[in-house]
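K.L.:
take a look and give me a structure for this.
(one chain, ligands or ions: 1)
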Amino acid sequence: MLKLHFCSNSRAQRVLWLLEELKLSYTLNKIKFHPSELKSDEHRKRHPLGRVPVLEDGDITLFESGAIIDYIIEKYDNTELKPKVASNLFPSYLQWYHYCEGMVMPPMNTIVVHTLILPPERRDTEVLRQAKNLLTKSITPVNEILSKNKFLIGEKISGVDFMLGHSLYMSDKLKCVNEDLVNIHRYIKLINSLESFKIAINA
Ligand SMILES: N[C@@H](CCC(=O)N[C@@H](CS)C(=O)NCC(=O)O)C(=O)O
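P.N.:
This is a model prediction of the structure:
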């Protein structure tokens with residue numbers, strides 16, 4: 001049985017979205033986004049830094065959302081959420097899959113630190129301004145690919161959507177998707193209409 005250690009409004013929503021999309025059975029351990037629970041001895045045994053998501057699958061425990069999504073797809077998906085190596089979509093799949101944590105999430109992390117995590121007297125408005133600009137810049141190339149594709153790498157949903165698609169949704173919540181990024185706005189509307197996504201973001 002799969003067990004997902006989860007916090008609301010976090011990257012763990014990516015994994016829940018995928019579990020729901022694949023209609024897998026799982027249990028959810030909802031953790032409060034607070035050091036008292038995330039940094040508890042119990043949770044640090046699952047993740048050395050006390051973070052989410054963490055997936056348990058029998059006696060396997062796995063952290064890092066990208067690794068978890070890949071693991072679930074490789075092990076439990078038979079709908080081709082990841083293109084085969086021979087497919088011409090494979091290179092763009094890898095590129096945009098890794099673009100999420102590599103390029104989009106670093107400025108988003110800075111924004112979260114300087115709006116929510118640090119006490120107000122330690123927040124830096126200049127660092128925040130730069131991070132917001134960088135986040136908008138880093139998602140702008142995604143607007144371009146969405147002018148050709150319904151989902152991120154083609155006409156059907158793929159592993160990239162659970163990663164990068166979720167980070168576009170979060171970017172919008174942080175008001176970093178400018179009005180002119182019309183394809184991203186169209187895409188966010190599309191994923192918001194999916195039942196699997198609605199369950200993940202409302203959990
Ligand atoms: N690269 C990791 C990042 C994990 C991470 O930082 N998760 C955040 C929630 S989105 C967290 O647990 N933060 C708690 C903390 O920083 O104490 C992943 O993709 O899973």
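
K.L.:
please count neighbours and contacts with C-alpha atoms only from this point.
P.N.:
Noted.

K.L.:
which bits of the protein sit near the ligand?
P.N.:
10-11, 51-53, 64-66 (Cα under 6 Å from any ligand atom).

K.L.:
check the gap between L19 and F197 for me.
P.N.:
Going from L19 to F197 by Cα to Cα, to the nearest Å gives 10 Å.

K.L.:
right, I mislabeled it, should have said K30
P.N.:
With the distance defined as Cα to Cα, K30 ends up 17 Å from F197.

K.L.:
which one's more surrounded, the two?
P.N.:
F197 (21 against 13; other Cα atoms under 10 Å).

K.L.:
tell me the secondary structure at the more buried one.
P.N.:
helix (DSSP: H, G, I helix; E, B strand; the rest coil).

K.L.:
ok, it to D59 distance?
P.N.:
28 Å.

K.L.:
equivalent analysis for D70, please.
P.N.:
18 Å.

K.L.:
circling back to that earlier point, can I get the residues of the chain next to the ligand in a markdown table including distance to G159, neighbour count and pLDDT?
P.N.:
A markdown table is the format used below for the residues of the chain next to the ligand (distance: Cα to Cα, whole Å; neighbours: other Cα atoms under 10 Å; pLDDT from 0 to 100):
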| residue | distance to G159 | neighbour count | pLDDT |
| --- | --- | --- | --- |
| S10 | 17 | 16 | 96 |
| R11 | 14 | 21 | 98 |
| R51 | 22 | 24 | 97 |
| V52 | 19 | 24 | 98 |
| P53 | 16 | 24 | 98 |
| E64 | 14 | 16 | 98 |
| S65 | 11 | 21 | 98 |
| G66 | 9 | 20 | 98 |
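
K.L.:
which one of the residues you listed is nearest to L168?
P.N.:
R11 (11.8 Å; Cα to Cα).

K.L.:
which residues touch the closest one?
P.N.:
If a contact means Cα atoms under 8 Å, 6 or more residues apart in numbering, then R11 has 52-53, 65, 166 as its contacts.

K.L.:
just to check, I145 is in contact with L152?
P.N.:
Yes. Using Cα atoms under 8 Å, I145 makes contact with L152 at a distance of 7.0 Å.

K.L.:
between the two, tell me which one has more neighbours.
P.N.:
Neighbour count, other Cα under 10 Å: between I145 and L152, L152 has more, with 27 against 16.

K.L.:
thought that one was touching E144?
P.N.:
No. Using Cα under 8 Å, L152 is not in contact with E144; the gap is 10.2 Å.
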